[in-house]
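**Q** Sequence unavailable; structure follows:
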Ligand code: NAD
């Protein structure tokens, strides 16, 4: 057993009870209220953080507003924005181990995996976005203006930063999700108020220190810790916010979308998923089973695009399910500080209870638990679980569980697979496991999801837009698509 030793900097960060950054000030909540954070592997309290009030959020938005409207930041050139973002990425690289340990203690995930995945992906993404800072272009257009036939014109289209961004994120990839918002916002010249998830603000707070160290002017990046119901709602309703960007559940995303429509605040929503993994008869069954297991069990199944529905062509169904169950049964569960552990705890007692309710629902309705189906503590552990003998319309198949629970259903042919894969309110990702090029290319355009992976699952790249069809959201993170969401177009017509 190789338990990671905590860096002195990790312990020190937690012990000094981190505060929030509003403008230039690291502050407590206005009313002094705090909220406890827990280590999901033990259930023990880690530390407390400020529980922001509505007033705190309003002050943070005002700081971001002033920084956007009237500060040196509003006049920064693309090259400076590029260099600052690159510097921030360098500082994150320097502190990668510390960030990974904070993520592990706060979220439960493996520190070793967090360092090479969460933290490294966040760094790579910021560097990718730094590149866009110098490549944001408008265009010039030759216009006709038929109502003024005798005049001459010069016309061009500017792409301008959208303004103050209110960013609200979920707890499953706290640092990475924050950087998905921060990267395009800072590349385009926006300012930001970030509200991390109630449960997992630690890496966002460390990131905020690094933003300051990189040399961003005061007010460009602000962070408020607190609850969704108070701090999140205050950010959503604040009229000084120009754009809301949200990653979280579909239920909350719908509410935010409605509020944003009322005030015409720009909005992008990255929401839930119930992504299918489709294994065709010709697939390499070994890699398909290993890939399907990792598609659902990575990050304890708390991944928006987790492959939580498995469809296998009937003649190989039993074998693929048995192979996945074998992989699941061999997985070692424990603290994310132990590098030999394959799966950590769920984020909270509440999430453990939610996942457990679904497993019980499956049992009660006569489904077969092929493996797992157990929970234990201390900490919030649920064994990797595979459930078979369920109908496509069952809640286990239709609803997002957001835990290490796979439902598996056989299919007869390509049309059958596509019908069931698309029979979902969600449309975030899908994977096809096959070497039949023609079949794969027939299927790709017919799958209703924002990403399709072939012979892999949940493989992300900063250059590839990521987001959902249907109830999985509106808009895209990453790629140039993200730059478009953080900018407005302005058409200019000059009569000469
Ligand atoms: P959640 O919706 O409960 O919370 C997400 C964030 O919203 C948190 O910061 C929370 O404090 C805040 N919030 C809650 N209520 C709010 C309100 N009324 N007004 C404003 N903000 C509010 O989601 P969660 O449980 O933290 O995260 C899990 C969900 O996130 C899953 O559905 C998952 O699929 C989704 N997710 C999606 C993506 C994606 O890119 N599509 C990525 C990660 C997670």
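**A** Sure, I can see it. Since this is a predicted model, take the numbers as computed values, not measurements. Numbers count the residues shown, from 1 in each chain.

**Q** Quickly check: stretch 201-216 near the ligand or not.
**A** No - judged by C-beta under 6 Å from any ligand atom, stretch 201-216 and the ligand are separated, with a smallest distance of 9.0 Å. Where you see a C-beta, it was placed from the backbone N, CA and C, and this is true even at glycine.

**Q** Now that stretch: buried residues?
**A** 201-212, 214, 216 (16 or more other C-beta atoms under 10 Å).

**Q** Show residues contacting that stretch.
**A** 13-14, 18-21, 37, 46, 49, 73, 84, 87-88, 91-92, 95, 98-99, 102-103, 105-106, 169, 174-175, 178-179, 182, 186, 194, 196, 220-221, 223, 225 (C-beta atoms under 8 Å, 6 or more residues apart in numbering).

**Q** What about the ligand: which of the residues you listed touch it?
**A** With respect to the ligand, and counting by C-beta under 6 Å from any ligand atom, the subset of the contacts of stretch 201-216 in contact is residue 169.

**Q** quick one: which of the contacts of stretch 201-216 sit in strands?
**A** The members of the contacts of stretch 201-216 that map onto strands under DSSP state E are 20, 21, 37, 46, 49, 194, 221, 223.

**Q** Which of these sits closest to the ligand?
**A** The ligand has its nearest neighbour among the ones in strands among the contacts of stretch 201-216 in residue 194, at 9.5 Å by C-beta to the nearest ligand atom.

**Q** so that closest one touches residue 175, yeah?
**A** No - here residue 194 lies out of contact with residue 175, judged by C-beta atoms under 8 Å, at a distance of 11.1 Å.

**Q** Spell out which parts of this structure neighbour the ligand.
**A** Going by C-beta under 6 Å from any ligand atom, the residues of the chain near the ligand are 168-172, 177, 195, 197-198, 227-229, 232-233, 236, 247-249, 252, 255-256, 270-273, 304, 400, 402, 428, 468, 472-473.

**Q** How far off centre is stretch 92-101?
**A** Its chain's average C-alpha position is 19 Å from that of stretch 92-101, according to C-alpha atoms, centre = their mean, to the nearest Å.

**Q** Same question for stretch 337-352.
**A** Mean-position distance between stretch 337-352 and its chain equals 18 Å (C-alpha atoms, centre = their mean).

**Q** how about the ones in strands among the contacts of stretch 201-216, which pair is most distant?
**A** Largest separation among the ones in strands among the contacts of stretch 201-216 by C-beta to C-beta: 46 and 221, giving 23.7 Å.

**Q** Between those two, point out the one with more neighbours.
**A** Taking neighbours as other C-beta atoms under 10 Å, residue 46 and residue 221 compare with residue 221 leading, 29 against 17.

**Q** Could you pull out the helices in the stretch 151-300 of the chain for me?
**A** Counting by DSSP state H, counting those that start in this stretch, the stretch 151-300 of the chain has helices at residues 174-188, 202-214, 233-237, 250-263, 285-297.

**Q** Verify the assumption that residue 341 is located in a strand.
**A** No - secondary structure of residue 341, determined by DSSP: H, G, I helix; E, B strand; the rest coil: coil, with no strand assignment.

**Q** Got phi/psi on it?
**A** Recorded main-chain torsions at residue 341 are phi -80, psi 140, according to degrees, to the nearest 10.

**Q** Excluding chain neighbours, what is closest to it?
**A** Counting by C-beta to C-beta, 6 or more residues apart in numbering, the nearest residue to residue 341 once its immediate chain neighbours are dropped is residue 334, at 4.2 Å.

**Q** ok, now which ones touch the one you found?
**A** So, once contact is read as C-beta under 8 Å, 6+ apart, residue 334 ends up touching 41, 341, 344.

**Q** Distance of residue 307 relative to residue 321?
**A** 14 Å (C-beta to C-beta, to the nearest Å).

**Q** ok, these two, which is more surrounded?
**A** Of the pair residue 307 and residue 321, residue 307 is the one with more neighbours under other C-beta under 10 Å, namely 28 against 23.

**Q** Name all residues that make contact with the more buried one.
**A** Neighbour list for residue 307: 275, 276, 277, 292, 295, 296, 406, 429, 431, 457, 458 [criterion: C-beta under 8 Å, 6+ apart].

**Q** switch the cut-off to 7 Å
**A** Shown here is residue 307, whose contacts under the criterion C-beta atoms under 7 Å, 6 or more residues apart in numbering are 275, 276, 277, 292, 295, 296, 431, 457.

**Q** before we move on, what about residue 72?
**A** Neighbour list for residue 72: residue 217 [criterion: C-beta under 7 Å, 6+ apart].

**Q** re the thing from before, the buried residues of stretch 201-216 into JSON lines, with extra columns for pLDDT and distance to residue 373?
**A** As requested, those are exported to JSON lines (pLDDT from 0 to 100; distance: C-beta to C-beta, whole Å):
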{"residue": "201", "pLDDT": "98", "distance to residue 373": "33"}
{"residue": "202", "pLDDT": "98", "distance to residue 373": "32"}
{"residue": "203", "pLDDT": "98", "distance to residue 373": "32"}
{"residue": "204", "pLDDT": "98", "distance to residue 373": "35"}
{"residue": "205", "pLDDT": "98", "distance to residue 373": "37"}
{"residue": "206", "pLDDT": "98", "distance to residue 373": "37"}
{"residue": "207", "pLDDT": "98", "distance to residue 373": "38"}
{"residue": "208", "pLDDT": "98", "distance to residue 373": "41"}
{"residue": "209", "pLDDT": "98", "distance to residue 373": "43"}
{"residue": "210", "pLDDT": "98", "distance to residue 373": "42"}
{"residue": "211", "pLDDT": "98", "distance to residue 373": "44"}
{"residue": "212", "pLDDT": "98", "distance to residue 373": "47"}
{"residue": "214", "pLDDT": "98", "distance to residue 373": "47"}
{"residue": "216", "pLDDT": "98", "distance to residue 373": "48"}
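
**Q** Fine by me, we can end here.
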